[in-house]
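Student: quick check, what structure comes out for this input:
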Amino acid sequence: MSLVLREVSGAHLKQFSAEAPDGAIIGLIGEDTSGTAELLDLASGAAQPAAGTVEAAEPRRALGPNDIFRLAPARVLTLHHTFSRQPALVRARARLGLERLRRDGATILLASHEQDLLRELCDEIWWIEDGTLRAKGYPDEVLATYNTYVFTQLRDWAATVKQTLTPAMRRGDGRAQIVSIELLDSTGRPVIVWQSGDQVSVRITVRFAAQVDDPVIGMMIRTRIGFEVFGTNTELEGLKLGPVNQGQTVSVSFTFRCDLCPQEYTLTAASHDPSGVWHDWLEDALAFRVADTRYTAGVAKLQATVTATRS
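Tutor: Purely as a prediction, here's the structure:
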C-alpha cells in the first residue's frame, strides 16, 4: 500500500483510518471543512497528524487549485481542486497524465466538487463528513449516497428560508391584490425547494378591493430563461370563485405531482377577469428550485422503463 492512515486525528479529522492501494485514483468528496483538505496535507507530507500514523511511499507531491499541472513521477500525488481553474486542453492533457501515473503504480487523491470528473477518473470515492469516513466504494454508489445526503440537507434548509415576493413586473387595475404566494412541500411546509416526484402545492391568497363578479386566479411555472413549463387557473380547473365582495380574501391552492427535472424555476401568479383584464399580475414573483437525488436532463421528468435486446 502506498498510503495508509491509522486512527489519524487533527484539526478536522477524527480517528480517521483508510488505506489507498497502489495504482489507484481515489476521489474525495465532502465539504471543504469536513477534513478533505487536511487529509490531502497529511497524505502529501505537508502536515503531521496530532494523533495516529500516516504511512506513505516516497516521493510525494501535492498540487493545489492555482498550481500548474506538472505531473512528474510520484508514488503519492494529491490534487486539491486542481482541475477547477484549468482550460479544456490542460484538463484533457492532465487526464492522460494521471492515467499514466496510475498505471505506473502511483496512488492519487483527487478532491473535487465536479462529480462527472470523479466518475470519469476515479477507481474509488471516499466521502468525508465531519472528519470521518462516511462511505467508500465504487463512484456511482458513493455519489448516489452523498447526493441523497446533500438533498436532505438542502430540503431542510429550504424550509427555514422565508419566501419573498420579488416580481419582475406587477400590473393590474387594483380591484384585487395578491397578498401572498406560497410554495408548499408534500407535508404542507412552505419551502423554496421542491423534491422532484413529490406532491406539492402553490397557494395564492388574494384580497379584493372591489366587488368582482367572476374572478379567476391562476399560476404559471417557467424555467429560469423564461420557457413556459406549466400553467393553469381556477377557470380551467372548473372552480368558480365569484361573486366576491369588497374586502373579502380568497386563498386558492393548486396541488399536483412535481414531475419536473432538477433546475431553477420561477412562479407567476395573477387574479383577472375571464376576459383577461388583470386585477393583479405578478410576473416571476417567486424563484425556486426543484432538486432530486439523481440527475435528469430537460424539464419534464418522465418515468422511463428501459429495456435492451442483443442479437
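Student: can you list the domains in this structure?
Tutor: Listed by automatic domain parsing, the domain ranges of the chain are 3-158, 169-291.
Student: got JSON lines for the ones you listed, with distance to residue 310, mean pLDDT and mean neighbour count too?
Tutor: C-beta coordinates here come from the backbone N, C-alpha and C atoms, glycine included. Output for those, formatted as JSON lines (distance: least, Cβ to Cβ, whole Å; pLDDT from 0 to 100; neighbours: other Cβ atoms under 10 Å):
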{"stretch": "domain 3-158", "distance to residue 310": "23", "mean pLDDT": "92", "mean neighbour count": "17"}
{"stretch": "domain 169-291", "distance to residue 310": "30", "mean pLDDT": "95", "mean neighbour count": "17"}
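Student: need those in TSV with distance to residue 300, can you?
Tutor: TSV is the format used below for the domains of the chain (distance: least, Cβ to Cβ, whole Å):
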stretch	distance to residue 300
domain 3-158	20
domain 169-291	6
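Student: closest one to residue 304 among those domains?
Tutor: domain 169-291 (12.0 Å; Cβ to Cβ).
Student: now do the same end-to-end measure for the closest one.
Tutor: One end of domain 169-291 to the other measures 27 Å (Cα to Cα, to the nearest Å).
Student: check stretch 160-173 too.
Tutor: End-to-end for stretch 160-173, by Cα to Cα: 34 Å.
Student: all strands of the stretch 1-150 of the chain, in order?
Tutor: Counting by DSSP state E, counting those that start in this stretch, the stretch 1-150 of the chain has strands at residues 3-9, 16-20, 24-29, 51-56, 60-63, 76-80, 107-111, 124-129, 132-137.
Student: so which of those strands is nearest residue 230?
Tutor: Judged by Cβ to Cβ, the one of the strands of the stretch 1-150 of the chain that comes nearest to residue 230 is strand 24-29, at 33.9 Å.
Student: got the angle between that closest one and strand 132-137?
Tutor: 130 degrees (axes from the mean of the first three to the mean of the last three Cα atoms, to 10 degrees).
Student: name the residues that touch strand 24-29?
Tutor: In this structure, residues lying in contact with strand 24-29 by Cβ atoms under 8 Å, 6 or more residues apart in numbering are 20, 36, 39-40, 98, 102, 107-113, 115, 118, 121-128, 139, 142-143, 146.
Student: which helices and strands does the lengthiest strand in the chain pack with?
Tutor: Ranked by residue count under DSSP state E, the longest strand found in the chain is strand 278-291. Secondary-structure packing of strand 278-291 (3 or more Cβ pairs under 8 Å, 6 or more residues apart in numbering; DSSP states H and E): helix 139-158, strand 169-171, strand 176-184, strand 193-195, strand 199-208, strand 263-272.
Student: kindly recompute the last result at 7 Å.
Tutor: Strand 278-291 is packed against strand 169-171, strand 176-184, strand 193-195, strand 263-272, with contacts defined by 3 or more Cβ pairs under 7 Å, 6 or more residues apart in numbering; DSSP states H and E.
Student: name the helices or strands packed onto the last one?
Tutor: It refers to strand 263-272. strand 176-184, strand 199-208, strand 216-223, strand 278-291.
Student: now the residue nearest to residue 3 when sequence neighbours are not counted: how far from residue 67?
Tutor: Excluding the flanking residues, the one nearest residue 3 by Cβ to Cβ, 6 or more residues apart in numbering is residue 20, at 4.1 Å. With distances taken as Cβ to Cβ, to the nearest Å, residue 20 is found 21 Å from residue 67.
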